[in-house]
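Model the following, please.
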Amino acid sequence: MTLPDGPQTPQFLQLLQWISQPVQYLETSVKAYGDCFTARWGGFPPYVLISNPQGIQELLTADPRQFNSGSGNKILQPLLGDQSLILLDGDRHQRQRQLLTPPFHGERMRAYGKLICDITEEVMNRLTIGKPFLIRATAQEISLETILGAVFGINEGQRFQELKGLLTSMLDAVSSPLSSAVLFFPSLQRDLGSWSPWGKFLRQRQQVDRLIYDEIQQRREQFDPDRTDILTLLMSARDTDGQPMTDEELRDELMTLLLAGHETTASAIAWALYWIHRQPEVHDKLLQELNSVGDVSDVSAISKLPYLNAVCSETLRIYPVAIFTFGRITRSPVQLMGYQFDAGTPLAACIYLVHHREDIYPQANSFKPERFLERQFSPYEYLPFGGSNRRCIGMAFALFEMKLVLAKMLSRYQLALTDKRPVKPVRRGVTLAPPSTMQMLVTSQRPQNTPTHQPLSTSA
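Numbers count the residues shown, from 1 in each chain. This is a model prediction of the structure:
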């Protein structure tokens with residue numbers, strides 16, 4: 001087997017660049033080696049990254065049984081646990097996916113609309129007019145409270161406050177470009193006491209586990225089938241053999257939903273706010289569309305607005321939160337794009353690079369929501385949530401939440417960026433995110449149900 005060409009710098013240096021400058025690493029590599037190249041990251045097996053739509057189609061439409069995907073996500077095991085959907089393969093993956101999917105569709109999902117709007121207003125009302133606030137931290141507060149409310153059906157009390165604080169702290173411990181290195185270097189995952197980074201992370205995870213298992217036990221003892229939160233739905237679910245999920249399975253899937261379900265959405269909301277307020281014409285057009293609805297509490301109408309959908313789609317195109325799809329590790333020799341790959345080769349579609357192809361997205365580095373009004377892109381050209389049997393089960397929920405949060409913010413508050421200089425994405429754990437230092441401010445609060453088409457001031 002001959003792997004595609006790729007960067008020739010030492011593997012350790014490639015890994016350091018991949019951790020510290022992921023976008024630059026990808027852009028430099030694709031220019032030098034084309035849309036199918038091999039990345040070599042330290043102790044990881046050589047990784048083949050594909051940004052050719054035809055190659056992505058071949059990969060995502062191949063028989064899933066030809067690949068192991070869960071085993072390629074071991075980097076996430078410390079965060080999510082062994083029973084997480086993301087780390088499973090084969091029949092076990094299919095079983096968990098069938099149990100987890102129903103809460104994120106149809107009426108079940110729309111029932112969370114009021115929760116999302118109420119939390120957005122509560123968080124925004126904590127801000128002071130004229131005082132800068134951190135965009136990503138505010139978006140994360142909204143998304144974390146939303147996912148806690150949706151998953152557990154709680155939005156107050158000691159357990160809620162403890163979980164909220166611990167989850168935020170635990171993620172921050174492994175999320176900066178520097179601290180995320182601990183995920184890529186297993187040798188750094190050593191418990192040297194509560195003062196050490198990994199030791200602190202493990203103790204926080206232990207506290208989170210205690211809170212989650214206590215909640216599961218309490219729910220089992222006082223089970224109420226009429227509750228609509230996700231935990232209740234998962235406890236009620238049965239597989240094809242009539243078996244429920246175990247406590248450990250529930251814990252790992254809840255951690256997956258809590259972490260993946262709020263981190264990614266927070267980054268997407270923060271990016272959308274950045275682009276909307278950096279380009280006044282986008283802001284004005286979006287506000288005009290929102291005003292046409294009249295009542296922004298009409299979640300069904302908001303979720304169907306075409307320009308709002310285009311803005312969200314373009315946000316997820318230009319800086320997708322996931323850099324590439326979950327790796328698919330060949331179980332036997334596979335032919336793809338003219339290459340013959342041996343068993344054990346990790347393959348992945350590079351979402352960032354395919355989203356920046358000039359032949360698909362002219363002026364790919366420009367934010368142009370109209371792209372998504374003018375044409376429809378194939379699932380191999382546009383795939384912010386991955387694809388095939390590994391596509392994110394929370395896709396519909398994330399888009400729904402993103403639209404409602406933006407609609408609520410823009411219709412109720414006049415916002416402005418404190419600095420209009422271009423901002424580039426940074427690594428946050430295994431994802432791309434806006435810098436944590438990016439700021440906005442509330443310049444005024446709009447009267448409810450009063451249309452306005454005035455452009456925002458962008459001065460601090």
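
drop to CA atoms for contacts and neighbour counts, all remaining ones
Noted.

in the helix-or-strand element of the chain with minimal mean pLDDT, what's buried?
Ranking every helix and strand in the chain by mean pLDDT, DSSP states H and E puts helix 106-110 at the bottom, with a mean of 73. For helix 106-110, the neighbour count (16 or more other CA atoms under 10 Å) marks 109-110 as buried.

got the CA positions of whichever helix or strand comes after that helix in PDB?
Next along the chain after helix 106-110, taking DSSP states H and E as the criterion, comes helix 113-125. What follows is helix 113-125, C-alpha atoms only, in PDB (Å, rounded to 0.1, in the frame of the first residue of the first chain):
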ATOM      1  CA  GLY A 113     -38.600  26.000  22.000                       C
ATOM      2  CA  LYS A 114     -40.000  28.000  24.900                       C
ATOM      3  CA  LEU A 115     -37.200  26.800  27.100                       C
ATOM      4  CA  ILE A 116     -34.500  28.000  24.600                       C
ATOM      5  CA  CYS A 117     -36.200  31.500  24.300                       C
ATOM      6  CA  ASP A 118     -36.700  31.900  28.000                       C
ATOM      7  CA  ILE A 119     -33.100  31.000  28.900                       C
ATOM      8  CA  THR A 120     -31.700  33.300  26.200                       C
ATOM      9  CA  GLU A 121     -33.700  36.200  27.600                       C
ATOM     10  CA  GLU A 122     -32.600  35.400  31.200                       C
ATOM     11  CA  VAL A 123     -29.000  35.300  30.300                       C
ATOM     12  CA  MET A 124     -29.100  38.400  28.200                       C
ATOM     13  CA  ASN A 125     -30.900  40.300  31.000                       C
END
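
Would you give the sheet partners of the helix or strand just after helix 113-125, along with the direction of each?
Next along the chain after helix 113-125, taking DSSP H and E as the criterion, comes strand 133-134. Using DSSP bridges, strand 133-134 pairs in its sheet with strand 439-445 (antiparallel).

quick one: the partner strand to helix 113-125, angle?
Interaxial angle of strand 439-445 relative to helix 113-125 (axes from the mean of the first three to the mean of the last three CA atoms, to 10 degrees): 100 degrees.

In this structure Leu127 contacts Phe133, no?
Yes - Leu127 lies in contact with Phe133 (CA atoms under 8 Å); the separation is 7.4 Å.

The two: which is more packed in?
Phe133 (19 against 14; other CA atoms under 10 Å).

Bridging across strands, which residues link to Leu49?
Bridge pairing for Leu49 - DSSP bridges - gives Phe37, Ala348.

In terms of secondary structure, what does the helix or strand where Gln204 lies contact?
Per DSSP H and E, Gln204 falls inside helix 197-221. Helix 197-221 sits against helix 158-172, helix 247-278, with contacts defined as 3 or more CA pairs under 8 Å, 6 or more residues apart in numbering; DSSP states H and E.

and the angle from the last one to helix 197-221?
Between helix 247-278 and helix 197-221, the angle formed by their directions is 110 degrees, by the same axes, to 10 degrees.

Could you pull up the mean pLDDT of helix 247-278?
Confidence over helix 247-278 (mean pLDDT, whole number) is 92.

With the shortest one instead?
For helix 158-172, the mean per-residue pLDDT is 85.

After it, which helix or strand is next?
Using DSSP H and E, the helix or strand that follows helix 158-172 towards the C-terminus is helix 181-184.

just checking, what packs against that next one?
Helix 181-184 packs on no helix or strand, going by 3+ CA pairs under 8 Å, 6+ apart.

mind exporting that helix as CSV, just the C-alpha atoms?
The C-alpha trace of helix 181-184 is given here as CSV (Å, rounded to 0.1, in the frame of the first residue of the first chain):
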residue,chain,number,x,y,z
ALA,A,181,-2.5,19.0,24.2
VAL,A,182,-3.3,16.7,27.1
LEU,A,183,-5.8,14.9,24.9
PHE,A,184,-3.3,14.3,22.2
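
Would you agree Ser388 is in contact with Leu60?
Yes - between Ser388 and Leu60 there is a contact under CA under 8 Å: 5.5 Å.

sorry, back to before: tell me which residues of the helix holding Gln204 are tucked away?
Neighbour-count burial for helix 197-221 flags 197-202, 204-205, 208-209, 211-212, 215-216 (criterion: 16+ other CA under 10 Å).

and stretch 167-185, how far from the chain's centre?
Distance, stretch centre to chain centre, for stretch 167-185: 16 Å (CA atoms, centre = their mean, to the nearest Å).

what does it rub up against?
Stretch 167-185 is contacted by residues 19-20, 75-76, 188-189, 197-198, 201, 204-205, 208, 259, 426-430 when judged by CA atoms under 8 Å, 6 or more residues apart in numbering.

Now do Asn125, the pLDDT please.
On the pLDDT scale, Asn125 gets 92.

whoops, Gln335 was the one
Per the predicted model, pLDDT is 91 at Gln335.

ok, and the closest non-adjacent residue to it?
Closest residue to Gln335 apart from its sequence neighbours, by CA to CA, 6 or more residues apart in numbering: Phe341 at 6.1 Å.

Give me the number of neighbouring residues for that neighbour.
Neighbours around Phe341, by other CA under 10 Å: 21.

Can you tell me how far it is from Arg328?
Applying CA to CA, to the nearest Å, the value for Phe341 to Arg328 is 12 Å.

ok, now Ala111?
Applying CA to CA, the value for Ala111 to Arg328 is 35 Å.

When those two are compared, which one has more neighbours?
More crowded of Ala111 and Arg328, by other CA under 10 Å: Arg328, with 26 against 14.

do you know how far Pro132 is from Leu441?
4 Å.

Comparing these two, which residue is more hemmed in?
Leu441 (23 against 18).

residues contacting that one?
Contacts of Leu441 (CA under 8 Å, 6+ apart): 129-133, 415-418, 460.

Please apply the same query to Asp226.
Residues near Asp226 by CA under 8 Å, 6+ apart: none.

now swap in Ala272 and tell me
Here Ala272 is in contact with 311-312, 315 (criterion: CA under 8 Å, 6+ apart).

ChimeraX command to pick out the buried ones of the residues you listed?
Selection of buried members from the contacts of Ala272 for ChimeraX, criterion 16+ other CA under 10 Å:
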select :311,312,315
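
Excluding chain neighbours, give the residue nearest to Gln77 in space.
Excluding its sequence neighbours, the residue lying closest to Gln77 (CA to CA, 6+ apart) is Leu87, at 7.3 Å.

More neighbours: which of Ser388 and Leu60?
Shown here are Ser388 and Leu60; by other CA under 10 Å, Leu60 has more neighbours (21 against 14).

Show me the contact partners of the helix or strand that contains that one.
Following DSSP H and E, one finds Leu60 within helix 53-61. Contacting residues not belonging to helix 53-61 are listed as 50, 336-337, 349, 354, 380-381, 387-388 [CA under 8 Å, 6+ apart].
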